[in-house]
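Q: here is my input; please provide its structure:
(2 chains)
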Amino acid sequence: GIQVEQSPPDLILQEGANSTLRCNFSDSVNNLQWFHQNPWGQLINLFYIPSGTKQNGRLSATTVATERYSLLYISSSQTTDSGVYFCAVHRRNTGFQKLVFGTGTRLLVSP
Amino acid sequence: EAQVTQNPRYLITVTGKKLTVTCSQNMNHEYMSWYRQDPGLGLRQIYYSMNVEVTDKGDVPEGYKVSRKEKRNFPLILESPSPNQTSLYFCASSLRGLGANQPQHFGDGTRLSIL
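A: Presented below is the predicted three-dimensional model:
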């Protein structure tokens, strides 16, 4: 099946810093989503981005489908950005109807 | 507001006592799915449904049942819960199946502890 790798596994930032999280996937995909799991366990949908670039406030994401990676940018980080960031993908015509999640990047933003 | 609603959000119960976790979406989505999340194992799919009366097993269906009698609801049933089903559960939905280039919407999660 498709493999999804995220880096770095852990990241500690000072409030106000910028960061880039990476997601590599082993095959072409038709669905790629970024999620933020907050300390209460909720999965917050950040971006649906199988290709191209999107921005939402301090967050933006870019997926280069031909090179099989996606990047999530967090600018001017805040303590509320802490949590785990997951990339999840789906590949069409595999017979599977599920998102395959990466292992996540754990982010801690300190004041 | 478009959302996926799970209930309960938290539950502590005992082995063998049947329980149901409800999931409801208000977006007229055809596809719904259940995942469980465990430390070191990530999110794994339990069951999914492509439409009313159409359900299929995911990666870890043992010990669970589902039904899809109405489009908006997709309950997860644990007939005889055991401690290894202690986990964080998520319900998800999308307009069509995942091959149709649609984002998945997730509920807020249900934290189950089975003693």
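Q: wait, what's in contact with the residue of chain A found nearest chain B?
A: Of all residues in chain A, the one sitting closest to chain B is residue A:48 (3.6 Å; CB to the nearest CB). Quick note: C-beta positions are derived from backbone N, CA and C, even for glycine. By CB atoms under 8 Å, 6 or more residues apart in numbering or on different chains, residue A:48 lies in contact with A:31-33, B:103.
Q: 6 Å - rerun?
A: Applying CB atoms under 6 Å, 6 or more residues apart in numbering or on different chains, we find residue A:48 in contact with A:33, B:103.
Q: for it, list each beta-bridge partner.
A: Legend: beta-bridge partners of residue A:48 under DSSP bridges are residue A:33.
Q: would you mind measuring from it to residue A:55?
A: Per CB to CB, to the nearest Å, residue A:48 is found 13 Å from residue A:55.
Q: my guess is residue B:109 contacts residue B:88. True?
A: Yes: Residue B:109 lies in contact with residue B:88 (CB atoms under 6 Å); the separation is 5.4 Å.
Q: what residues are shared contacts of the two?
A: Counting by CB under 6 Å, 6+ apart, the shared contacts of residue B:109 and residue B:88 are residue A:41.
Q: so for those two, which sits in the more crowded spot?
A: Counted by other CB atoms under 10 Å in any protein chain shown, residue B:109 and residue B:88 do not tie: residue B:109 has more neighbours, with 21 against 17.
Q: relative to residue A:65, how far out is that one?
A: Taking CB to CB, one finds residue B:109 at 30 Å from residue A:65.
Q: pLDDT wise, what is residue 67 at?
A: No chain was given, so I picked chain A. We have a pLDDT of 96 for residue A:67.
Q: I was thinking of chain B, sorry if that wasn't clear
A: Predicted confidence (pLDDT) for residue B:67: 96.
Q: not counting sequence-adjacent ones, nearest residue to it?
A: Of all residues not flanking residue B:67 in the chain, residue B:75 sits nearest, at 6.2 Å (CB to CB, 6 or more residues apart in numbering or on different chains).
Q: does the one you found touch residue B:20 like I think?
A: Yes: taking CB under 6 Å as the definition, residue B:75 is a contact partner of residue B:20 at 5.2 Å.
Q: between the two ends of stretch A:38-45, how far is it?
A: 11 Å (CA to CA, to the nearest Å).
Q: buried residues in that stretch?
A: Using 16 or more other CB atoms under 10 Å in any protein chain shown as the burial criterion, the residues of stretch A:38-45 that qualify are A:41-43.
Q: now do stretch B:22-31
A: Buried residues in stretch B:22-31 (16+ other CB under 10 Å): B:23-25, B:29-31.
Q: for residue A:4, grab the count of nearby residues.
A: Using other CB under 10 Å, the number of residues around residue A:4 comes to 24.
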